[in-house]
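S.K.: only the shape, not the letters, is given here:
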């Protein structure tokens, strides 16, 4: 079970390289960060469909999974995988609650600094509230209709698991539309968020695994 949990974290890993990337100026960075911070502060709840593409060098086709993600401030988070299998992970009250097709278990985040850091990273990725995290070196780029922020971990411990994180933001509403993380092995994952619903009531049952 613990192995599968680590695999879940590795599933959240990817790299995006685009010839259309242009570095932001300092003025553009300031404006962009302000826009994202305004949006993230307004998010009390968020529900969204997601499609996840896991790329492994030894496979000819990416592994595709999909499901639903729920967020409630300050740090309740639920990832519910529906296809091709049922698997859910809930971050709640300092614990990671796992339901693997009916087989339930829990991990205390407080017992692992790396779990605590990844938990904060995932919550920040969803809300877009990551720019003041001293644990990363951050660079900013413009894309067609999108903005891109790249995060490189400073901590040696985190670098063992995550080489780089990329958040893609819609330029119009400054919300996160894609999360990518890159493993040191160069395998990566791309998570696309779509059909987002902000600040609608979320049943507390989705945070009970």
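M.R.: Right, received. Where do you want to start? Everything quoted here is computed from the prediction, not taken from an experiment.

S.K.: make it CA atoms for all contacts and neighbour counts henceforth
M.R.: Will do.

S.K.: what's in contact with the longest helix anywhere in the chain?
M.R.: Counting residues, the longest helix found in the chain (DSSP state H) is helix 26-42. Contacts to helix 26-42, defined as C-alpha atoms under 8 Å, 6 or more residues apart in numbering, come from residues 127-129, 131, 140, 173-175.

S.K.: what comes up buried for it?
M.R.: For helix 26-42, burial by neighbour count (16 or more other C-alpha atoms under 10 Å) applies to 29, 32-33, 35-37, 39-40.

S.K.: and the contacts of stretch 172-183?
M.R.: By C-alpha under 8 Å, 6+ apart, the residues outside stretch 172-183 that reach it are 10, 12-16, 32, 35-36, 39-40, 125-128, 145, 161-170, 188-194.

S.K.: of these, which belong to strands?
M.R.: The members of the contacts of stretch 172-183 that map onto strands under DSSP state E are 164-170, 188-194.

S.K.: can you say which of the residues you listed are buried?
M.R.: 164-170, 188-193.

S.K.: can you tell me the element residue 51 falls in?
M.R.: strand 45-55 (DSSP states H and E).

S.K.: which is the next helix or strand following that strand?
M.R.: Downstream of strand 45-55, the next assigned helix or strand under DSSP H and E is strand 63-72.

S.K.: could I get the buried residue list for that next one?
M.R.: Across strand 63-72, burial judged by 16+ other C-alpha under 10 Å covers 65-72.

S.K.: where does this protein dip in pLDDT?
M.R.: 1-19, 111-115, 184 (pLDDT under 70).

S.K.: on the three-state scheme, residue 120 is what?
M.R.: The three-state assignment at residue 120 reads helix, by DSSP: H, G, I helix; E, B strand; the rest coil.

S.K.: what about it, neighbour count?
M.R.: Around residue 120 there are 14 other residues, counting by other C-alpha atoms under 10 Å.

S.K.: burial count for residue 94?
M.R.: 16.

S.K.: pretty sure it contacts residue 109?
M.R.: Yes: contact criterion C-alpha atoms under 8 Å: residue 94 and residue 109 qualify, at 5.4 Å.

S.K.: for beta bridges, what are the partners of residue 176?
M.R.: Taking DSSP bridges as the rule, residue 176 bridges to residue 169.
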